[in-house]
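A.B. asks: how would this look folded up:
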Amino acid sequence: MRKRTYITIKLLLFVLCVTPCMAQFVLPLEVYADEDEEEGEEDGGRSRDIDALKQQIAESQAAKERANQTKNQLASGMASVQQVIGSLESEKEDIVSYVATLDAAMEQIQDDIAAIDASISENEIQIDEAKKAIDTAQKELDEAERIRQGQYEDIKDQIHFMYTTQKATFADILFTSKSIGDLLNRTYYINRIMEYDQKKLAEYAKTVEEADAAKKVLEENKAKLDEKQAELEEKHAEAKSKEEDMGKLIDAKEEEIGQYNDAIGDKEAQVREYEAMIAQQNAEIAAIEAAIRQQQAALQEANRRVYGGGQFVWPAPGYTRISDDYGMRTHPTLGVQMMHNGVDMAAPSGSPILAAADGTVIAASYSGTMGNYIMIDHGSDLISIYMHASSLNVSAGQEVGAGDRIGSVGSTGRSTGPHLHFGVRKNGAYVNPWSYLK
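C.D. replies: From the prediction side, this is the model:
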C-alpha cells in the first residue's frame, strides 16, 4: 500500500477556568504522523490518539457527572433553605396575625379606659353637684331648725306666761267681758291663737324633719357616687394594668417578628449564595459539555476512516468475466439507454462476495431494484456497493477487512441472472470501479 499524506491535526481544547480541577480536560492532541512515516507507524499513532481522545471524553463525562451531582446537592440544599424560609414566613405570619389581634385588644382596652375616664369625669361632676346640694340642704336644715327653735321658745314662753297668769287672765276675761258673747269670742280667739301656735310649731317641726330627710337622701346619693367613683378608679387601674401588660406583650412579639425577619434575611442570603454556586456549577457543566463536544468532534474526525489508496481486492474471486461494463448501455430489462453505474461480474449463485477493502458496513439490506445489497465505507468519502446477493453475511455497523466474505452471489432484485453488480461512489457520486480494481 502506497504512502499517503496524513494531515497533521493538533486540537487544543479551551481552558476551563471555572475551577482549577477542570484543567485536566485541556489535553492537546498528539500529532498523528509525519508525511515520511511508514503506514504502520501512522496507524499506530492514530490509534493512540483515538484512545487518548476516548480517555479524555470519559474523564470529561465523569467530571460532568460529578459537577451535576454537586449541582443537585446545592439545589437540594437550597430547597431545604427555601423550605426553612417558608416555615419562618409561616411562623412570622402567625405572630403578625397574633399582634394584629393584640392591637385590636389594645384598642378595646384603650376604648374602655376612655369610657371609664369619661364615667369618672361625669361621676365627679355628679359628686360635686351632690356636695353642693348637701351644703344647700344643710343650710336649709339649719335655717328651719333655727326657726323651729325660735318658735318653740316663743310658744314655750307663751305657755309659761299663760300658765302663771291663767287665773288672772280668766278673771280678767270673765269680768271684763261685756257680755256672754264677748266672753265666748274672747275665749275663741285665745283658743285660736293657741291652735295657730301649735300648728306653726308642728309645721316647723315637719320642715325640719323633711330637710333632715332630704339631707340624708343627698348624703346617701353622694355615698353611692363615692362608691361608684372608687369602683371606676379601680376599673381604671385594672385597665391601665392591662394596657401596660398588653403593650409589653406587643413589644415582645414585635421584637420576635424582628428576629424572624433577621432569620429570614439570613436564609435568603444563603439562598442567594446557593444560587451563585449553582450558577457557577452550571457554568462548569456548560464548560465541560463544550469540552466534550470538542473532544467528540475531534474523536469523530480521528475516527474518520481514511482510504490509503491501492488496488481493491477482486470482489468475486475466481470469476473475472464481465457481463456488463460501466458506462452507457441499453438496460437488459427496461430496454432503454441509461447509465450503468457499475460492473457486472458473472458468477454462479452462492459463490462468495468479498470486501474490496477495509471498511465499515454502512448498509446491509434489500431493495426492489438492488435486491440484497451491501455498502461499505472505506473512508475519504469512498464507498463500495455490492448488489443482487443471494444472502448477506454482515450487518450495518460491522467492521470488515479486505477479502472478508460479506455475502453470496445471487440474482435478487431487478436482475436477469446470477451476477455481482459492483459499484464505487466517491464524494457522493458513482465513479468508474476500474480506477480501483486495476
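A.B. asks: make it CA atoms for all contacts and neighbour counts henceforth
C.D. replies: OK.
A.B. asks: those helices in the protein, which residues are they?
C.D. replies: Along the chain, counting by DSSP state H, helices occupy 39-164, 166-176, 180-303, 434-437.
A.B. asks: JSON lines for those helices, including distance to residue 350, mean pLDDT and mean neighbour count?
C.D. replies: JSON lines is the format used below for the helices of the chain (distance: least, Cα to Cα, whole Å; pLDDT from 0 to 100; neighbours: other Cα atoms under 10 Å):
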{"stretch": "helix 39-164", "distance to residue 350": "35", "mean pLDDT": "84", "mean neighbour count": "16"}
{"stretch": "helix 166-176", "distance to residue 350": "189", "mean pLDDT": "56", "mean neighbour count": "13"}
{"stretch": "helix 180-303", "distance to residue 350": "34", "mean pLDDT": "85", "mean neighbour count": "16"}
{"stretch": "helix 434-437", "distance to residue 350": "22", "mean pLDDT": "94", "mean neighbour count": "14"}
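A.B. asks: ok, now which ones touch residue 231?
C.D. replies: Applying Cα atoms under 8 Å, 6 or more residues apart in numbering, we find residue 231 in contact with no residue.
A.B. asks: Can you give me the separation between it and residue 237?
C.D. replies: 10 Å (Cα to Cα, to the nearest Å).
A.B. asks: Just give the closest residue to the residue positioned nearest the centre of the chain, not the sequence neighbours.
C.D. replies: Residue closest to the mean C-alpha point of the chain, counted by Cα atoms, centre = their mean, is residue 82 at 7.2 Å. Nearest residue to residue 82, sequence neighbours excluded (Cα to Cα, 6 or more residues apart in numbering): residue 271, at 7.0 Å.
A.B. asks: what about that neighbour, distance to residue 231?
C.D. replies: Residue 271 is 59 Å from residue 231, by Cα to Cα.
A.B. asks: How many residues are close by residue 381?
C.D. replies: 15 (other Cα atoms under 10 Å).
A.B. asks: Tell me, how many residues neighbour the closest residue in space to it that isn't next to it in sequence?
C.D. replies: Distance criterion Cα to Cα, 6+ apart; nearest residue to residue 381, sequence neighbours excluded, is residue 427 at 5.1 Å. Residue 427 has 10 neighbours, counted by other Cα under 10 Å.
A.B. asks: ok so, going back, you'd agree the residue nearest to residue 82 is up against residue 80?
C.D. replies: No - in this structure, residue 271 is not within contact of residue 80 by Cα atoms under 8 Å, at 9.5 Å.
A.B. asks: what's near enough to touch residue 329?
C.D. replies: Residue 329 neighbours (Cα under 8 Å, 6+ apart): 336-340.
A.B. asks: make it 7 Å
C.D. replies: Residue 329 makes contact with 337-340 under the criterion Cα atoms under 7 Å, 6 or more residues apart in numbering.
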